[in-house]
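# With the input below, show me the fold.
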Amino acid sequence: WREFCRGLNRDDLIAKQFAIGEDREEVFKEIQEEFLKKTQKEWMEIFINLDACVMPVKTFNEAIQDPQLRARNMVVDIDHPKLGKIQNIASPIKYSRTPLTIRSNAPKIGQNTNEILDSLGYSAEQIKNFKKDGIT
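As a prediction, the model looks like this:
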């Protein structure tokens, strides 16, 4: 935390590490305001030499171009029913004798809703009412 605050040039925040409630929200707000003052690249140049756990948040397209993901074979091509062949992120877990594969696409929004609600104990009538009321 100390190194993180120093990287932000905000030593005044060091004492607020364990702030709670509204004070905590204020600390978050101040940190957000600081991050708006520089580009992601500029911040990474500052934090790369500090003992602070800071990494950039990447878009999906940036992530699939990441050299480390590529080196670990974590970018895979899958067949999507509407989009054709698309790239996706593979499992980060690697076993030496049991390779993991993506067997299917992610479900469509709402695709498994009935099964999930049923497994949670909702009746068919309740599920029907959820749909009628626009809940699902």
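# List of residues touching stretch 69-77?
Residues lying outside stretch 69-77 but in contact with it, judged by C-beta atoms under 8 Å, 6 or more residues apart in numbering, are 63, 64, 85, 86, 87, 88, 89, 90, 91, 92, 94, 102. C-beta here means a position set from N, CA and C on the backbone, and glycine is covered the same way.
# For the last one, what is the enclosing helix or strand?
Mapping residue 102 onto the secondary structure by DSSP states H and E places it in no helix or strand at all.
# ok, so what distance separates residue 58 from residue 82?
Distance check for residue 58 against residue 82: by C-beta to C-beta, to the nearest Å, it reads 25 Å.
# Please say which of these two ends up with more neighbours.
More crowded of residue 58 and residue 82, by other C-beta atoms under 10 Å: residue 58, with 13 against 7.
# Just the element for that one, please.
Using DSSP H and E, no element contains residue 58; it sits outside every helix and strand.
# One more: the one 4 residues further on?
Mapping residue 62 onto the secondary structure by DSSP H and E places it in helix 60-63.
# Could you pull out the buried residues of the helix or strand following that helix?
Tracing the chain C-terminally past helix 60-63 and defining elements by DSSP H and E, one meets helix 67-71 next. Within helix 67-71, the residues that qualify as buried are residue 69, counting by 16 or more other C-beta atoms under 10 Å.
# Parallel or antiparallel, which strands does the next helix or strand after helix 67-71 pair with?
Per DSSP H and E, the first helix or strand lying C-terminal to helix 67-71 is strand 75-80. Take DSSP bridges as the rule and strand 75-80 pairs in its sheet with strand 84-89 (antiparallel).
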